[in-house]
Every structure is written in structure tokens, then in C-alpha cells.
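Visitor: predicted structure and sequence below. I'll ask about it afterward.
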Amino acid sequence: MQHRRRKQQREEEDSGLIEKLVYVNRVAKVVKGGRRFSFSAIAVVGDGEGQVGIGHGKANEVPEAIRKATERARKEMISVPLVRKTIPHLVKGRFGAGKVLLRPASPGTGVIAGAAVRAIMDCAGIHDVLTKSLGSSNPHNLCKAVMKALADLESPEQYAIRTGQDVQRVLDNYEFRSWVQRTSSAPEM
């Protein structure tokens, strides 16, 4: 058992990925002889440089549920555009009753977020961001809403291509201060 644990730690160090556990839940199923317990886990995996994924795992034991969740998170990683260690623009995400608002922040602000959102931001490598959970606080829906919001982010280069502008001109005019001033009032969801 100890040997397997050391091997897993070595593999994690080799891969260079950050793994965080967001939530573990014990579920009881009532059967003829009493209650049968199983566990579900939500894990986040990222490289700290714009790649992040979430996974959900279920098993009869906690370590197995965590292993399944991290494995799934590694398979479902997405790329997130970063600008000076923050997000490029204000974005909203929604999944079920979970709603989340992500707003870029000036350098030195830090991650202003709850536990579930903070884990995703840390794994993605986002150091300065303001977030607000507007709907359900259920970690499953909240994590999926954050991932939807991050998937909707658009880099300045993508914006320039979409609007038909010169990429260099957009990058020259792209100032963080202008984003903060334009997003000073939160839009209605």
C-alpha cells in the first residue's frame, strides 16, 4: 500500500499538475440489512498555466472516489486564456441553478472566491479575479458553471479575429484599466 502511494506521488510530480479536492459526499442506500454507504468526490486538476479540468467520481471507498474524480478531470481539461494572470473580460456562467460571475481584477487583488471556485482558479493559474456566486451553492453545479464561464472566455487575439480588426491594434489598445472601468457595474443575470 505504502509503495503504491509513493508511486502515485512520483507520477504527480512528473506530470506537473496541481490536484485539488473540492468536495466529498457520503451517500447512504437503505437495503434489507441496513444502510450501505458509498462516496462521491469532486476534484480539480490544472497545470497553473491556463489548463484546468473538473471530474466527478463515485466509489465505495473515499480514496477510490478521489482517484476516479482526478482521472476524469485530467481527461476533461480545457484551455483558459489568461492576460497578466487574470481573465481577459467579465464573464457569466450558468449550470442548472448554479450561477457565477467572474470579473478581472488588477494585479495584487488575489482570488476573491468561495472554496469551490477558488480551487478551480488556483489550478487554472488565475491569481487576480473577483467572483460572485449568484445562484445555488451546490458544489456540483457551481463547479460546472465556473467551467462553462471559463470556456466562454475569449482572448484579445480571438476578439480581434472575430471582429475583423488588426490583432496588433487590439493588443496595443488592450489595457487592463479599461476593462475594470467598463465592468464597474455588474450586469443583470
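Guide: All right, it came through fine.

Visitor: where are the low-confidence patches of this structure?
Guide: 1-14, 173-189 (pLDDT under 70).

Visitor: for it, which segments count as strands?
Guide: 18-31, 34-46, 51-59, 78-79, 91-95, 98-104, 111-112, 129-133 (DSSP state E).

Visitor: pipe those into JSON lines and attach mean neighbour count and distance to residue 155 per row.
Guide: Using the backbone N, CA and C atoms, a C-beta is placed for each residue, glycine as well. JSON lines is the format used below for these (neighbours: other CB atoms under 10 Å; distance: least, CB to CB, whole Å):
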{"stretch": "strand 18-31", "mean neighbour count": "14", "distance to residue 155": "22"}
{"stretch": "strand 34-46", "mean neighbour count": "19", "distance to residue 155": "18"}
{"stretch": "strand 51-59", "mean neighbour count": "21", "distance to residue 155": "14"}
{"stretch": "strand 78-79", "mean neighbour count": "15", "distance to residue 155": "10"}
{"stretch": "strand 91-95", "mean neighbour count": "19", "distance to residue 155": "12"}
{"stretch": "strand 98-104", "mean neighbour count": "23", "distance to residue 155": "13"}
{"stretch": "strand 111-112", "mean neighbour count": "16", "distance to residue 155": "20"}
{"stretch": "strand 129-133", "mean neighbour count": "19", "distance to residue 155": "16"}
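
Visitor: any idea which of those strands gets closest to residue 153?
Guide: Between residue 153 and these, the shortest gap by CB to CB is with strand 91-95, which sits at 5.7 Å.

Visitor: what's the closest one packed up against?
Guide: strand 98-104, helix 139-151 (3 or more CB pairs under 8 Å, 6 or more residues apart in numbering; DSSP states H and E).

Visitor: of these, which is nearest residue 172?
Guide: Taking CB to CB, strand 98-104 is the member of the helices and strands packed on strand 91-95 nearest to residue 172, at 18.5 Å.

Visitor: for residue 64, what are its contacts?
Guide: Neighbour list for residue 64: residue 57 [criterion: CB atoms under 8 Å, 6 or more residues apart in numbering].

Visitor: how close does it get to residue 23?
Guide: Separation of residue 64 from residue 23 (CB to CB, to the nearest Å) stands at 16 Å.

Visitor: do the same with residue 83
Guide: Here residue 83 is placed at a distance of 30 Å from residue 23 (CB to CB).

Visitor: cool, residue 153 as well?
Guide: 24 Å.

Visitor: cool, residue 17 as well?
Guide: 19 Å.

Visitor: over to residue 112?
Guide: Taking CB to CB as the measure, residue 112 falls 20 Å from residue 23.

Visitor: with residue 139 instead?
Guide: 4 Å.
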